[in-house]
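Undergrad: build me a model from this:
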Amino acid sequence: MVLKGRKPVVYLPLPKDISDNAEVFEVRGTGEVFMDYESYLKRYEWLSEKKFVDAVNGKSGLTFWEALDSEAKSSDAIENIFPAVLKDPILRKVQFSTIGRIDELVNAVYDEFKKDFFPGENVHVFFPDGEHFWGQIREKAKSVIEQLYSMCAATYIDFDRFPMIRGPDGTIQRPAFSRYFVRLPETENEALVDDKHLRRDKKIFTKQNLRSFLRNSLQREAWQGAPWLVKEHLAIQYRLPMEIPAHLMQDARLLASKVHLRRAIAQHASVATGTIADVQQQQMLKMKPPKGRRSNKSEEIVRQQQEMARMQQMQQQVFLPGPALAPLLMILKHPGGPPHPVQQGYHQQQPIASRIDPRPPPPPPVIRYPIEDLELPPKHDGMTRPQLSFFTEEQKDYVMAGRRVSFDDVSLDSMGLLLEVWNTLNVQCEVYVLDSFTFDDFVDAMKYQGTDPVCELLEEAHCAVLSILVDKNGKSQIVPPMRDIVTEVDAASSDGHDDSELSTPQPDVPAHSTRSRLSHVDLAYDNPRTPTTDKPHRAAEMLAGRGWKGRTGARDYEDGGWQIIVIGLLHQLSATPMWKARCENILVELAPIDAPATPQTAKDRYATLDVNLRISALQIITMLSISTNGIKAFLDACMEDMTDVRKRKIEHQREKKACMEELQVKDRDRKILWPQNMPDSPKPESAEPVSLNGDGDDTLETNGAGSSDPDDQAPTAGRSLRRASDRKRKRDEDTVRREKERAEKAEAMKEKNKQSKEFKKLLKDIEELKSQILKHEEKIQECDADLREANVHRTKMLGKDRFCTRYYWFERNGQPFGGLPTSSTADYGYANARLWVQGPDDLEADGFINLAPEDQKQYRARFGMTTTERRKKEEGATCLLNAQEWAFYDDEARLDNLIGWLDEKGEREKKLRKELCEWRDKIVQYMDVYKGFREQEAAQKVEAEEEAATRVSTRHKSLEGQTATKERCLKWTNGLAIQEQGHLHSQPEKKAAAKSRSKQAKGVATLVSRSTGKPVTRQGGSYNFK
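TA: Numbering: from 1, shown residues only. Just a heads-up that it's a prediction; the model follows:
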């Protein structure tokens, strides 16, 4: 039964009056016939739409023929898999069922038949001693079989379960249970067991198989409350009732739902009894049989007469003869209603309305969690979100003081840009040829002011990003769509009239000139006339005839060179509205109008530039570098590497599974051989001395040594001789027996040694399998780590809370947890070590928090507060208003409190809590590493200050040396660039370095592994993860 829009596809009827010679068009699969080609084509196109659903397995997005083929294959598979013994009782159970959803129907049937077994069914039999066998149900034991006779017919009631027994106090002494006679083919015996010791095969009777079987076997009409109907061919096969009860028909449901009809019947109750019968007869005549059921007129008349007779009997109270049957009838339940008590001797009619029980109020709708987070009622336990930490004290004061404090240090809006640049340069450090560095070092480098000593991290970060924008031939590496934007900006800036130009006539400029070519024209400061407009900066003059692309291609970075390139690039980007405001603010500081347009000015101005403007400038060129060929190739290579790693991981998992299966077999054999190879228990030592030959008391002299009477010697000697011969015979027998036992023991020892060798070999195999399993697990963990580090395409968010606040742990993917192991700062042991929190986006805040006044009134009526008030109450004082504000957690206790604050009943917080619980141990581990490093650093700083105070009179340290000891960012060096290029980005290439690298093949890069420190690529060799 193919569906479209949750309704079965209805085939069109055959056209009438078709002549034998007429040309017709038949649709394959449906058998529909059309007289004209246009109608056929229209129907064919409708069936070709990928909007059909396979009703058996629920596949959607199929054409009609694809869904029909899928349904046929699924039906055959289900018929073969599902137990044939269960089909009859399950279909008999669900026939005419009114359970609405298929999921609820599956759950109800599964719960009822999970502990119910039927003759002919194969089951597992578990005995109390631990043994289990395969068995087949032969018969189900019966507890009670009663036969009740009414006035017209006989009714049989079977109680297949032994009833529950309760004590006088109401406690359950024995729960209800069933017993079965089970045939055991392995032992050729039968056993009487209860349902607690029987189990089906878990792979056969599952909810998924049951759902597929019911989908394949049932159908129902497309109106609310329609009963489930077994398909006609199955109902005939299993002899199921096919006549739908009248109270389940659609018209009967509609009539029953009309209250005014009941009142009308009650008002006319005093009229003759025939009036009610007429009304009921009219109602029955209006009822229509369900669609898809074939019936002739005679069958309809008989059915209507039967239903009318039944409804007339319901008008009167039933009287059954025989008072002994009344208590037993009390337990009978009417289909779909409560138990009906029996009243005797009552023949008078009552109004129908008086016999209709008032319906109880519908139960409240069941809430299925999780739901929208803000739809959950607020908790009044006084628990708020743990207080956030801010990177500087100024940021904390800014938030606590109602955002009325200005910034002298890093502003709160710049934290997002800092994190973006740091994460980009560390995740894709191989492309930038830049060694990894910690977030604290990066912030210190961006705040560093001065030129002596030079901050290598600051210069290398800028030069590495600029080098990827343009290759050594001066060709731009930016790819569309960013390249188109930059090209348009370049053309627009050259064709348009620049504010820095004078109002006097200027020489003609080529039509497609760039800003770098404007230097061929007389500049403003060379013209003695006063310009009509004031220039905001002198960025164009600083290029001095060389464009930023040419300078970058030549790698002219020294002596203020990279600062000039940054100024030229920002000057070009300032022509577009996207970056105009930001670029102009930076250029006014880097190329002021009152300073000479020289590289030294650019260098000095950048050394004292405000940290927030530095961050903004670096963020602009870094985001521009993302749209380059190098980054694109790197992402493609990482994607291929991830595919190879996944294949390798699957192979290790397959081998691990094979080893575990083999280990189970070996371990079972070990348990079988263990009793025969148990070590012997130590034998207790005998306290009495044992004679070596065992004949110390069988001689005449020994036995007669105590006798002194000479008369008694003769008879004593005779008796002793007879006893000696008996003892000799016994000794011979014992000798033979001992020899036999010794031979048996020797044979047994040989067998035992043979078994012991097999047992030892078995133990050795088990240990080897365990070691192989451990190796495969280690390989799988390595693959997981490789996949995590190779997932560099985007930063993954941990999740959002109820107020759409975002949570990030940047070490989660794309980089090692503690940075590259070969980095100059690898001994720090951490990279960021903070759980960062970002405020909600404006679009999310408008949809969930900043509601309209009418919606806020409704929310207040439901929960007693608005969403804004709830946010202030539950988030506390450290509340982040928008996505430009960032804070963090770096303490284990606050992290645990945050996890406890999240509510699993909410959709967003359930996902966030799951991610935090999964990564909690790793986050806490590196939080502790960061805390220990800061404590160690503080102790070393105090010790260094004390030593400097004691030696200042004799050693006279210079100011530069003291600065180098204080600034931690100065300790970082770009070892990756020196290893691959032979020089830093900020320094020109040396000839000696070029000669030393002449033996290396051209174009072959030697990268460093993050986990082992060996000179390989990101995860292996040549991006193949080998």
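Undergrad: how near is Val433 to Gly630?
TA: 10 Å (Cβ to Cβ, to the nearest Å). Placement of C-beta: from N, CA and C, glycine included.
Undergrad: which one's more surrounded, those two?
TA: Comparing Val433 with Gly630 by neighbour count (other Cβ atoms under 10 Å), the higher total belongs to Val433, at 22 against 19.
Undergrad: pretty sure the more buried one sits against Gln981.
TA: Yes. In this structure Val433 lies within contact range of Gln981 using Cβ atoms under 8 Å: 6.5 Å.
Undergrad: for the stretch 501-650 of the chain, what spans make up the helices?
TA: 539-542, 548-553, 561-573, 580-590, 599-607, 611-625, 629-673 (DSSP state H, counting those that start in this stretch).
Undergrad: and the average pLDDT for whichever helix or strand Glu733 is part of is what?
TA: In the assignment (DSSP states H and E), Glu733 maps to helix 713-790. Per-residue pLDDT over helix 713-790 has a mean of 78.
Undergrad: relative to helix 629-673, how tilted is it?
TA: 170 degrees (axes from the mean of the first three to the mean of the last three Cα atoms, to 10 degrees).
Undergrad: tell me the most buried of the helices of the stretch 501-650 of the chain?
TA: Most buried of these by mean neighbour count (mean count of other Cβ atoms under 10 Å) is helix 561-573; its value is a mean of 25.
Undergrad: and His574, how far from Ile586?
TA: Small correction: residue 574 is Ser, not His. For Ser574 relative to Ile586 (Cβ to Cβ), the value is 9 Å.
Undergrad: and what of Asp610?
TA: Distance from Asp610 to Ile586, by Cβ to Cβ: 9 Å.
Undergrad: tell me who's in contact with Ala539.
TA: For Ala539, the contacting residues are Ile567, Gly568, Leu570, His571, Leu587, Leu590, Ala591, by Cβ atoms under 8 Å, 6 or more residues apart in numbering.
Undergrad: apply 6 Å and report the result again.
TA: Ile567, His571, Leu587, Ala591 (Cβ atoms under 6 Å, 6 or more residues apart in numbering).
Undergrad: which of the residues you listed sits closest to Arg729?
TA: Nearest to Arg729, judged by Cβ to Cβ, of the contacts of Ala539 is Ile567 at 123.8 Å.
Undergrad: got the phi and psi for the residue nearest to Arg220 when sequence neighbours are not counted?
TA: Using Cβ to Cβ, 6 or more residues apart in numbering and skipping residues adjacent in sequence, the residue nearest Arg220 is Ala226, 4.5 Å away. Torsion angles at Ala226 (phi, psi; degrees, to the nearest 10) stand at phi -70, psi 140.
Undergrad: shaky segments in the stretch 51-200 of the chain?
TA: Where the stretch 51-200 of the chain drops to pLDDT under 70, the residues are 142-161.
Undergrad: cool, the stretch 201-350 of the chain as well?
TA: Checking the stretch 201-350 of the chain against pLDDT under 70 turns up 253-350.
Undergrad: and Leu434, how far from His462?
TA: 11 Å.
Undergrad: which residues are in contact with each of these two?
TA: In contact with both Leu434 and His462: no residue, using Cβ under 6 Å, 6+ apart.
Undergrad: coming back round to it: how far does the helix holding Glu733 sit from its chain's centre?
TA: 53 Å (Cα atoms, centre = their mean, to the nearest Å).
Undergrad: next: stretch 432-444.
TA: On Cα atoms, centre = their mean, the centre of stretch 432-444 falls 32 Å from that of its chain.
Undergrad: then stretch 871-882?
TA: On Cα atoms, centre = their mean, the centre of stretch 871-882 falls 29 Å from that of its chain.
Undergrad: what does stretch 242-253 give?
TA: 45 Å.
Undergrad: check stretch 170-182 too.
TA: The answer for stretch 170-182 is 41 Å, by Cα atoms, centre = their mean.
Undergrad: give the buried residues for that stretch.
TA: Using 16 or more other Cβ atoms under 10 Å as the test for burial, stretch 170-182 gives Ser178, Arg179, Tyr180, Phe181, Val182.
Undergrad: now His132: phi and psi?
TA: According to degrees, to the nearest 10, His132 has phi -140, psi 150.
Undergrad: my guess is Pro119 meets Ile137, correct?
TA: Yes. The pair Pro119 / Ile137 is scored as a contact, 5.1 Å apart, by Cβ atoms under 6 Å.
Undergrad: so the two - more neighbours on which side?
TA: Ile137 (20 against 12).
Undergrad: so which strand or helix has that one?
TA: Going by DSSP H and E, Ile137 is part of strand 132-140.
Undergrad: tell me the neighbouring strands of that strand, and mark each as parallel or antiparallel.
TA: Strand 132-140 has the following strand partners under DSSP bridges: strand 122-126 (antiparallel), strand 179-184 (antiparallel).
Undergrad: picking that back up, and the helix holding Glu733, what does it pack against?
TA: helix 629-673, helix 700-704 (3 or more Cβ pairs under 6 Å, 6 or more residues apart in numbering; DSSP states H and E).
Undergrad: same list, those helices, but as a markdown table with distance to Phe25 and mean pLDDT please.
TA: Listed next are the helices and strands packed on helix 713-790 as a markdown table, based on distance: least, Cβ to Cβ, whole Å; pLDDT from 0 to 100:
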| stretch | distance to Phe25 | mean pLDDT |
| --- | --- | --- |
| helix 629-673 | 48 | 91 |
| helix 700-704 | 125 | 38 |
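Undergrad: now those as JSON lines including distance to Phe64?
TA: Formatted as JSON lines, the helices and strands packed on helix 713-790 follow (distance: least, Cβ to Cβ, whole Å):
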{"stretch": "helix 629-673", "distance to Phe64": "36"}
{"stretch": "helix 700-704", "distance to Phe64": "112"}
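Undergrad: relative to Lys196, which of those helices is closest?
TA: So among those, helix 629-673 is nearest, using Cβ to Cβ, at 26.1 Å.
Undergrad: give me the angle between the closest one and helix 611-625.
TA: 80 degrees.
Undergrad: what separates the closest residue in space to Phe407 that isn't next to it in sequence from Gln619, distance-wise?
TA: Spatial nearest neighbour of Phe407, chain neighbours left out: Glu394 (5.5 Å); criterion: Cβ to Cβ, 6+ apart. For Glu394, the distance to Gln619 equals 20 Å [Cβ to Cβ].
Undergrad: can you check Met164 too?
TA: Where Gln619 is concerned, Met164 sits at a distance of 73 Å (Cβ to Cβ).
Undergrad: on that earlier part again, what is in contact with Val433 and Gly630 at once?
TA: Common neighbours of Val433 and Gly630 (Cβ under 6 Å, 6+ apart) do not exist.
Undergrad: hmm, who's touching the helix or strand where Asn209 lies?
TA: Secondary structure from DSSP H and E places Asn209 in helix 207-217. With contact meaning Cβ under 6 Å, 6+ apart, helix 207-217 is reached by Ala55, Val56, Ser75, Ile78, Ile81, Phe82, Val106, Tyr110, Val230, Leu234.
Undergrad: cool, and stretch 77-90?
TA: Contacts of stretch 77-90 (Cβ under 6 Å, 6+ apart): Val109, Phe118, Gly120, Glu121, Asn209, Ser212, Phe213, Asn216, Tyr238.
Undergrad: from these, which would you call buried?
TA: Here, 16+ other Cβ under 10 Å leaves Val109, Phe118, Glu121, Asn209, Ser212, Phe213, Asn216, Tyr238 buried among the contacts of stretch 77-90.
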